[in-house]
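K.L.:
Need coordinates for the following:
(one chain, ligands or ions: 1)
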Amino acid sequence: MIAKLILDKKREGRALGSAEIREFIEGFTRGDIPDYQMSALAMAVCCRGMTERETADLTDAMMRSGACLDWKDLAVPTADKHSTGGVGDKLSLIIQPLAAACGVAVPSLTGRGLGITGGTADKLETIPGYNAGLSLEEFRKVVAEVGVSMTVQTAEICPADKKLYALRDVTGTVASIPLICGSILSKKWAEGAGALVFDVKFGSGAFMKTKEEAVELATAMVKASRAAGRKAAALVTDMNAPLGYAVGNANEVVEALDVLRRGAERADEDFVALSVELAALMVSLALEKPLDEARAICRERLADGSALAKFEAMVKAQGGDLAKFENRLAKPTFKFRIQAMRSGYVCAIDAEKVAKVALQLGAGRMTTADRIDPRAGVTLDVKIGDKVSVGSPLATLEKSGAPDGLERAAADLLAAFSFSQTDPGPRSLIAERMD
Ligand code: URA
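P.N.:
Here you go, the predicted structure:
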């Protein structure tokens with residue numbers, strides 16, 4: 001293989017052969033293809049695109065750059081859900097144990113938060129003792145024994161993606177559907193789940209800002225996964241407002257536990273409905289049941305406490321102590337509550353603005369080396385459509401350490417809310433579906 005000829009071919013807009021893609025990625029992973037040639041290919045792909053077949057080949061080659069898990073020895077089928085990331089997105093904490101409670105094994109390699117996007121691993125690590133850094137062997141054991149495990153992806157999975165993402169980040173080539181698709185899917189395929197459900201988010205708090213971009217990515221991921229013989233479905237969901245009430249880390253675990261303990265009671269109904277829908281898609285694909293039937297099973301397992309029992313069993317198996325978590329929440333933090341300055345209906349809560357406030361308070365990280373404050377965050381008192389009057393509580397800001405910055409953050413948070421004099425009417429979080 002001559003790298004320069006492949007670069008010429010893609011620059012001219014021609015489709016690359018499977019072997020060309022495989023050898024290029026293999027060479028790059030080994031270090032034989034230098035960063036400048038890989039960067040040039042990334043830019044050519046960005047400008048010229050890739051066919052469905054090329055995208056599937058790229059994903060496959062990236063997947064094969066590291067360890068690939070398989071779960072053939074389990075007695076039950078496997079499934080996982082992937083979200084492109086959002087604000088207040090604690091769905092995994094509910095969906096993964098819920099699907100496991102329905103008889104699907106859920107091996108879930110997850111990530112840490114960066115920028116305005118929260119990370120499931122950071123949320124779980126607010127539970128004292130929870131080990132989100134399992135080895136692949138430990139991960140296998142927890143999945144086999146409990147039926148669900150959530151841990152950070154190890155360095156053995158898709159090393160090519162890590163190297164390539166670092167180049168894309170500095171060469172303006174992140175925003176390319178085939179490259180995003182290859183990056184997300186290679187990690188999910190390597191994890192080995194037989195059925196994959198994608199929650200592709202769009203809006204101010206999402207990686208994809210428009211619904212059209214999210215539909216394009218969702219379609220590409222479903223098509224490439226199916227072409228590779230994997231069961232796949234996707235929902236395209238609205239991320240213009242935070243999901244549920246809590247944005248942070250420990251407060252998101254509290255909200256997820258509330259849903260697992262009490263179902264829809266006290267919870268944001270849209271958020272519970274989306275949780276059930278995503279879990280039902282996993283169950284329907286993995287167990288090959290009609291979606292209506294899968295939905296009914298999921299609702300039942302959420303209501304009868306089996307999803308909660310799976311969550312508790314997973315936390316225990318990974319060293320976590322929920323009683324200590326609840327005790328720790330009793331420790332004082334600095335709080336500041338904001339109130340409505342006018343009456344009307346809440347018609348928008350800008351997810352990006354809320355996330356930036358949470359970040360300012362210490363709930364997130366700007367670089368991978370930053371440490372987070374597990375207790376920092378924002379908990380909303382209202383959701384879109386609620387009627388408020390002057391002085392009604394809108395949200396509470398919370399942080400540990402010292403109270404500095406709370407008042408400024410409170411002013412920024414107030415700017416995230418918009419009000420109208422008429423009821424904005426019902427909204428659905430699900431904008432499109434590919435199932
Ligand atoms: N998330 C990923 O893992 N990779 C991308 O390229 C974009 C989002």
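
K.L.:
C-alpha from now on. contacts and neighbour counts both.
P.N.:
Fine.

K.L.:
For the ligand, give me its nearest residue in the stretch 201-350 of the chain.
P.N.:
Per Cα to the nearest ligand atom, Phe207 is where the stretch 201-350 of the chain lies closest to the ligand, at 7.3 Å.

K.L.:
how about low-confidence regions in the stretch 201-350 of the chain?
P.N.:
By pLDDT under 70, the low-scoring segments of the stretch 201-350 of the chain are 264-266.

K.L.:
Could you double-check that the residue of the stretch 201-350 of the chain closest to the ligand sits in contact with Lys201?
P.N.:
Yes. Look at Phe207 against Lys201 with Cα atoms under 8 Å: they come within range, at 7.4 Å.

K.L.:
For the stretch 101-250 of the chain, what lies in contact range of the ligand?
P.N.:
Proximity of the stretch 101-250 of the chain to the ligand is confined to 174, 180, 183-184 under the rule Cα under 6 Å from any ligand atom.

K.L.:
at 5 Å instead, please
P.N.:
Residues of the stretch 101-250 of the chain lying near the ligand by Cα under 5 Å from any ligand atom: 180, 183-184.

K.L.:
Okay, and which of those map to helices?
P.N.:
Judged by DSSP state H, these include 180, 183-184 as members of helices.

K.L.:
Let's see the pLDDT reported for the residue of the stretch 101-250 of the chain found nearest the ligand.
P.N.:
Of all residues in the stretch 101-250 of the chain, Ile180 sits closest to the ligand, at 3.6 Å by Cα to the nearest ligand atom. We have a pLDDT of 96 for Ile180.

K.L.:
For it, which non-adjacent residue is spatially closest?
P.N.:
Val174 (7.0 Å; Cα to Cα, 6 or more residues apart in numbering).

K.L.:
quick one: contacts for the closest residue to the ligand within the stretch 1-150 of the chain?
P.N.:
The ligand sits closest to Thr84 of the stretch 1-150 of the chain, with a gap of 6.4 Å, by Cα to the nearest ligand atom. Counting by Cα atoms under 8 Å, 6 or more residues apart in numbering, Thr84 makes contact with 198-201, 206-207.

K.L.:
Would you confirm that Gly129 contacts Lys324?
P.N.:
No. Counting by Cα under 8 Å, Lys324 is not a contact partner of Gly129; they are 9.1 Å apart.

K.L.:
Have a look at those two and say which one is more surrounded.
P.N.:
Gly129 (17 against 13; other Cα atoms under 10 Å).

K.L.:
residues contacting the more buried one?
P.N.:
Applying Cα under 8 Å, 6+ apart, we find Gly129 in contact with 318-321.

K.L.:
Over to Thr59?
P.N.:
Applying Cα under 8 Å, 6+ apart to Thr59 gives the contacts 181-183, 185-186.

K.L.:
Okay, helices next: where are they in the stretch 151-300 of the chain?
P.N.:
159-171, 177-191, 211-227, 250-262, 269-287, 291-303 (DSSP state H, counting those that start in this stretch).
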